[in-house]
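In: One predicted model, sequence on top.
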Amino acid sequence: MKFVQEDYDKYDGVAKDLLADHLIAKGYDILSTEEDFYHDVIAVKDGVKFYFEVEVKLGYPFTSARSFKFPTVSFTGRKLRLHKVEPFFYVIFCLSTRSYLYCHSSIIYNEKYAENVNIYTKKRKGMDKMYRIPKEFCTFVTL
């Protein structure tokens, strides 16, 4: 599936900064937010490292499971490679509501949730493996 560099350039840094600021407010120390094709944010709290992968969802505003309009949350299969290196929290931001949801990759990357999806939008076309997780398995946060 085609990577959309324009969207990445526009939203990635904003979402990573919002997450890092929120984690700092919760007592984490940020170890890295550098783009290195590894996890987006690495943080530590009480001597334990936590890994995060951050994305932005456009067009479907949400603040809670109730306002999230779908019964499942779609997580891309492309991040499975990161899970194999180090399990992580997969974070999806809604920038318009300053909210995010997250789920741990150990829950997401279960083949019972896998589905091949034909994506056909203005910017992206092609087959993509998605993991559709019941939204009840996700935690929703509003900043």
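Out: Cool, the structure landed.

In: Helices of the protein, residue ranges please.
Out: For the chain, the helices defined by DSSP state H cover 5-25, 80-85, 105-108.

In: nearest to E55, of these?
Out: helix 5-25 (7.2 Å; Cβ to Cβ). No exception for glycine: its C-beta is placed from N, CA and C like everyone else's.

In: Who are the contact partners of the spatially closest residue to H83 that is not a sequence neighbour?
Out: Distance criterion Cβ to Cβ, 6 or more residues apart in numbering; nearest residue to H83, sequence neighbours excluded, is S105 at 4.1 Å. Contact analysis of S105 by Cβ atoms under 8 Å, 6 or more residues apart in numbering lists E53, K79, L82, H83, P87, F88, F89, Y90.

In: returning to what we had before: which of the helices of the chain sits most buried?
Out: Using mean count of other Cβ atoms under 10 Å, the stretch among the helices of the chain with the largest mean neighbour count is helix 105-108, at a mean of 18.

In: if we can go back for a sec, from G77, how far off is the residue nearest to H83?
Out: For S105, the distance to G77 (Cβ to Cβ, to the nearest Å) stands at 11 Å.

In: so how many other residues sit close to the closest residue to K129 other than its chain neighbours?
Out: The shortest distance from K129 to any non-neighbouring residue, by Cβ to Cβ, 6+ apart, is to G77 (3.3 Å). When counting by other Cβ atoms under 10 Å, one arrives at 18 neighbours for G77.

In: and the residue lying closest to D29 once chain neighbours are set aside, what are its bridge partners?
Out: Nearest in space to D29, with sequence neighbours left out and distances taken as Cβ to Cβ, 6+ apart, is V44 at 5.1 Å. Note on V44: beta-bridge partners D29, K49, judged by DSSP bridges.

In: what sits against V44?
Out: Y28, D29, L31, F50.

In: swap the cut-off to 10 Å and go again
Out: Contact analysis of V44 by Cβ atoms under 10 Å, 6 or more residues apart in numbering lists L23, Y28, D29, I30, L31, F50.
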